[in-house]
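Enquirer: below is the sequence, then the predicted model.
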Amino acid sequence: MSSANARSAREIVAAVRDPELPSLTIDELGILRDVRLEGETVVVSITPTYSGCPAMGVIADDIVAALRANSLESRVETVLSPAWSSDWLSDTAKAKLRAAGVAPPGSLSCPRCDSSDVRTVSEFGSTACQALVVCRSCGEPFPHFKTHQ
Amino acid sequence: MITATGTLRVYVTRIADDLLINAQRLAEYMTNAPELEEELAIANISLDNLGVAQALYSYAATVADDGRSADELAFLRTEREFTNCLLVEQPHRDFADVMVRQFFLDAWHLELWAALEASTDPTIAAVAAKAVKEARYHVRHSSGWVVRLGDGTPESGARTQRAIDSLWRFTGELTTGDNHDATAAAAGFGVNPADLEGGWNARVQQVIGTARLAIPEDPFQATGGRQGRHTEHLGHLLAELQFMQRAYPGLDW
C-alpha cells in the first residue's frame, strides 16, 4: 500500500463521528490516537474518554465499516496511555459542541443564552463524559462536557 | 512459592474483582435510586468500574497465559476463586447502604490509583492514570451523599449511621496486605495496602465527622476475601452475574 493510501486511510478514519456526540468526529474529540499500516492492514488506535465508555465498541465497528467501504481491511486497538484529557478538544470542536447545545469543557455557561448563572443538577449525565446542568437565567437544561484532566 | 509473575496475576485480579463485584452491586440498585439523576450517576459509576475491571482482566489473562479469557475470569470462576474484598459483596437495604459502601471503596480507590500511577508495570500505571481521574468524581459524589444523608433528617442520619455500623467491620481488609502485596510492592508494580491506610483513614474520618456521624468503637475486622473465603452473599451475587454464561456456555453478543 502506498503512502498516499495511508494518508487517505487517516482521512477516512478521522471523519468517523462519535455516536453519542455526532456533532464531533473522533479526531476532534481526541480519541483517535494513531492510524498506521501493517502490510495491507490499517491499524487504528483509539483511546476511551472514560474507562467504561460503552461507545467504544460502536466506534470501532464504525471505523472498520468506513475503511471497508473504501476497500481497506483494518484492525482497531484500544490504548490507555496517555490517558485522554478534555484538553485535547480543539477550539473548533468546542465551538461545534456549543452550537449543538452542549457546554464545552472549561468555564461553564449556558449554550442557549450565554449566562454563567447555572446550577449543576448531577455530575453524571446521559454519558460518562457529560454532566447535567440547568441555566438559572433562561431555564434551559443542558449537558456539560466535563473538564477531565 | 510466590513468584513475581504469579503475584502479578493475583494482584491485578484482586483489584479487578473488587471493581466487577462492586459494579454488579451498583447495577442491582440502578432502578431504585431516590431520583432519576442518581440512577444515571450510579449507572455511570458502575460502568466506570466495569471498564477498569475489563482492562485489568484482559491484562491478567495475558499475564497468566493459561488459555482463559477476560470473560472467562469474570463469568466462569467459582466463589472460592474470587478474591474481592468482603466490603463490595455486602448487600444493601437502602440508599444509605449503597452510598456508604461506595464511599469507603471510592476513598480506597483514590489512594490506590494515585499510588499505582507510579507502578513499574506500564499497563498498571496506564490503567491507574485513567482510573484516578474517575475516582476523583466518584469520591466527590459518594462523600457528598454521606454528608447530606448523615447531616440531613433524623431518619436519613440514623440510616446512614446504621450503614456505617454494619459495613465498618469490612473496611479493615482494604488496607490489610499479605505475601502477594509484599511481593508486588517489592517488585515495584504494586503497593503495600498498609501504606495507604493513613490517607484512606484521614479522608473517611473527615467526611464522617462532617456528616455528624460516628465510627463504631468495636475494633473487630473481618478478612478472608483476598484468599477466596467470602461471606454468604457472594454466591448469590455470582449466581445472577454468571447466569447467562452458565445457562448458555459460550454465549456471545
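Expert: Alright, I've got the coordinates.
Enquirer: residues near A:S90, how many?
Expert: 13 (other C-beta atoms under 10 Å in any protein chain shown). To be clear about C-beta, it is placed using only N, CA and C from the backbone, and glycine gets the same treatment.
Enquirer: B:G172 now?
Expert: Neighbours of B:G172 (other C-beta under 10 Å): 17.
Enquirer: shouldn't it be in contact with B:T223?
Expert: Yes. B:G172 is within contact range of B:T223, at 7.0 Å (criterion: C-beta atoms under 8 Å).
Enquirer: all helices for chain A, in order.
Expert: Using DSSP state H, the helices found in chain A span residues A:3-14, A:26-29, A:56-68, A:91-99.
Enquirer: so where's the chain uncertain?
Expert: Went with chain A since none was named. A:1-4 (pLDDT under 70).
Enquirer: my question was about chain B
Expert: B:1-2.
Enquirer: in it, which residue sits nearest chain A?
Expert: Using C-beta to the nearest C-beta, the single residue of chain B nearest to chain A is B:G51, 2.9 Å away.
Enquirer: hang on, that residue is in a strand, isn't it?
Expert: No. Counting by DSSP: H, G, I helix; E, B strand; the rest coil, B:G51 is located in no strand; its state is helix.
Enquirer: let me see the contact set for it.
Expert: A:P48, A:Y50, A:S51, A:G52, A:C53 (C-beta atoms under 8 Å, 6 or more residues apart in numbering or on different chains).
Enquirer: ranking these by neighbours, who comes first?
Expert: A:S51 (26 neighbours).
Enquirer: please name the nearest non-neighbouring residue to that residue.
Expert: B:G51 (3.3 Å; C-beta to C-beta, 6 or more residues apart in numbering or on different chains).
Enquirer: from B:L36, how far off is the residue nearest to A:T120 when sequence neighbours are not counted?
Expert: Excluding the flanking residues, the one nearest A:T120 by C-beta to C-beta, 6+ apart is A:V133, at 5.3 Å. If you measure A:V133 against B:L36 using C-beta to C-beta, to the nearest Å, the figure is 15 Å.
Enquirer: again with B:A129
Expert: Distance from B:A129 to B:L36, by C-beta to C-beta: 32 Å.
Enquirer: the more surrounded of these two?
Expert: Neighbour count, other C-beta under 10 Å: between B:A129 and B:L36, B:A129 has more, with 19 against 11.
Enquirer: for the more buried one, give me its contacts.
Expert: With the criterion set at C-beta under 8 Å, 6+ apart, B:A129 makes contact with A:L80, A:S81, A:P82, A:A83, B:W113, B:E117.
Enquirer: so who does the most centrally placed residue in chain A touch?
Expert: Nearest to the mean C-alpha position of chain A, counting by C-alpha atoms, centre = their mean, stands A:L29 at 3.2 Å. Listed by C-beta under 8 Å, 6+ apart, the contact partners of A:L29 are A:D18, A:L21, A:T49, A:W88, A:L89, A:A93.
Enquirer: closest to chain B among those residues?
Expert: A:T49 (9.8 Å).
Enquirer: need the residues of the stretch 101-250 of chain B near chain A, please.
Expert: B:122-123, B:125-127, B:129-131, B:133-134, B:137, B:140-141 (C-beta under 8 Å from any C-beta of the partner chain).
Enquirer: do I have it right that B:L238 meets B:F82?
Expert: Yes. Taking C-beta under 8 Å as the definition, B:L238 is a contact partner of B:F82 at 7.3 Å.
Enquirer: higher neighbour count, those two?
Expert: Higher neighbour count among B:L238 and B:F82: B:F82, with 24 against 21, using other C-beta under 10 Å.
Enquirer: grab the nearest non-local neighbour of the more buried one.
Expert: Using C-beta to C-beta, 6+ apart, the nearest residue to B:F82 is B:D17, at 5.2 Å.
Enquirer: so what secondary structure elements neighbour whichever strand or helix holds that neighbour?
Expert: Assigned by DSSP states H and E, B:D17 belongs to helix B:4-29. Packing partners of helix B:4-29 (3 or more C-beta pairs under 8 Å, 6 or more residues apart in numbering or on different chains; DSSP states H and E): helix B:36-64, helix B:70-75, helix B:86-89, helix B:95-116, helix B:179-187, helix B:233-241.
Enquirer: let's go with 7 Å and repeat that
Expert: helix B:36-64, helix B:86-89, helix B:179-187, helix B:233-241 (3 or more C-beta pairs under 7 Å, 6 or more residues apart in numbering or on different chains; DSSP states H and E).
Enquirer: strands along chain A, start to end?
Expert: A:32-38, A:41-46, A:73-78, A:118-122, A:130-135, A:141-145 (DSSP state E).
Enquirer: now these in JSON lines, with distance to B:R93 and mean neighbour count?
Expert: Shown next, in JSON lines, are these (distance: least, C-beta to C-beta, whole Å; neighbours: other C-beta atoms under 10 Å in any protein chain shown):
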{"stretch": "strand A:32-38", "distance to B:R93": "45", "mean neighbour count": "16"}
{"stretch": "strand A:41-46", "distance to B:R93": "41", "mean neighbour count": "20"}
{"stretch": "strand A:73-78", "distance to B:R93": "38", "mean neighbour count": "16"}
{"stretch": "strand A:118-122", "distance to B:R93": "24", "mean neighbour count": "15"}
{"stretch": "strand A:130-135", "distance to B:R93": "28", "mean neighbour count": "20"}
{"stretch": "strand A:141-145", "distance to B:R93": "33", "mean neighbour count": "21"}
